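K.L.:
Take this sequence and fold it.
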Amino acid sequence: MTSPAKFRKEKEIIAEYETQVKEIRAQLVEQLKCLDQQCELRVQLLQDLQDFFRKKAEIEMDYSRNLEKLAERFLAKTRSTKDHQFKKEQTVLSPVTCWNLLLSQVKRESRDHATLSDLYLNNIIPRFAQVSEDSGRLFKKSKEVGLQLQEDMMKVLNELYTVMKTYHMYNTDSMNAESKLKDAEKQEEKQMSRSVRQEDRQSSTPHHLTTSQDRGEAWP
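P.N.:
As a prediction, this is how the structure comes out:
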């Protein structure tokens, strides 16, 4: 590979490296954005769950109170009756027994819904709040670790880029020096060739004159 071609190739490598570093930096920024979005979605979901169960707890409590009122109203009516015959008919399968069982079931159902409302308010909702808080801390820690890793990675990439540029600069200087050395050698070769030719001409001219003189003295 010729020096100019090698020089162009190295410039292309550095340019491609710069492009790749920019792409990596953009991807790292996008990763942090995705992490933030995931955190926001997770927190929002947990907040919605808390609101849902808080509302459900209110509904369960209202339902429990309404059932309690319903049962108490008819139980009070039953207690106030003066029909002793009606009370005497409270056998196992009598309508009165079934009626009392129904009202008792309504009261138990009222207590069950009140308990369910209490579980929502005092167990499930606080648990969601704790999960939301833990998730926020985890996302924050993950972002800090991600930022530190990204900084370390970009530091290494920047150091590598500096080394590549320094190598390219020294390599360019080396190729320029090599080119100048070759030009100097060529000039030196040309100078030596001219000197040799000049010496040959100078050495051949006296010999020619001497030969001519020798020939002149030989004739009478």
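
K.L.:
Any idea which helix or strand in this protein has the lowest mean pLDDT?
P.N.:
In the chain, no helix or strand scores lower on mean pLDDT, DSSP states H and E than helix 84-88, which sits at a mean of 51.

K.L.:
Which parts of this structure are helices?
P.N.:
With DSSP state H as the definition, the chain shows helices at residue ranges 3-79, 84-88, 95-119, 125-218.

K.L.:
Now tabulate these in JSON lines and tack on mean neighbour count.
P.N.:
For every residue, glycine as well, the C-beta is placed using N, CA and C. Output for those, formatted as JSON lines (neighbours: other C-beta atoms under 10 Å):
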{"stretch": "helix 3-79", "mean neighbour count": "13"}
{"stretch": "helix 84-88", "mean neighbour count": "10"}
{"stretch": "helix 95-119", "mean neighbour count": "15"}
{"stretch": "helix 125-218", "mean neighbour count": "11"}
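
K.L.:
Out of those helices, which gets the lowest mean score?
P.N.:
Lowest mean pLDDT of these: helix 84-88, a mean of 51.

K.L.:
Could you measure from Leu103 over to Leu70?
P.N.:
Computed as C-beta to C-beta, to the nearest Å, the Leu103 to Leu70 distance reads 9 Å.

K.L.:
just Glu16 next, same as before
P.N.:
For Glu16, the distance to Leu70 - C-beta to C-beta - is 79 Å.

K.L.:
again, but for Glu178
P.N.:
Applying C-beta to C-beta to Glu178 and Leu70 gives a distance of 103 Å.

K.L.:
show me what contacts Gln50?
P.N.:
125, 128-129, 132 (C-beta atoms under 8 Å, 6 or more residues apart in numbering).

K.L.:
can you rerun that using 7 Å?
P.N.:
Gln50 makes contact with 125, 128-129, according to C-beta atoms under 7 Å, 6 or more residues apart in numbering.

K.L.:
Can you tell me the closest non-neighbouring residue to the most centrally placed residue in the chain?
P.N.:
With distances taken as C-alpha atoms, centre = their mean, Gln31 lies nearest the centre of the chain, 2.5 Å away. Once flanking residues are discounted, Gln31 sits nearest to Gly146: 6.9 Å by C-beta to C-beta, 6 or more residues apart in numbering.

K.L.:
Could you pull up the residues touching that neighbour?
P.N.:
31-32, 35.

K.L.:
Next one: it from Asn100, what distance?
P.N.:
With distances taken as C-beta to C-beta, Gly146 is found 66 Å from Asn100.

K.L.:
Quick check: end-to-end length of stretch 116-136?
P.N.:
Using C-alpha to C-alpha, to the nearest Å, one end of stretch 116-136 lies 28 Å from the other.

K.L.:
Centre of the chain to that stretch, how far?
P.N.:
Here stretch 116-136 shows a centroid-to-chain-centroid distance of 30 Å under the convention C-alpha atoms, centre = their mean, to the nearest Å.

K.L.:
ok, now stretch 138-146?
P.N.:
Relative to the centre of its chain, stretch 138-146 is centred 11 Å away, using C-alpha atoms, centre = their mean.

K.L.:
what do you get for stretch 188-198?
P.N.:
From the chain centre to the centre of stretch 188-198 is a distance of 69 Å (C-alpha atoms, centre = their mean).

K.L.:
Double-check Ser135 against Arg42; I have them as touching.
P.N.:
Yes - between Ser135 and Arg42 there is a contact under C-beta atoms under 7 Å: 5.2 Å.
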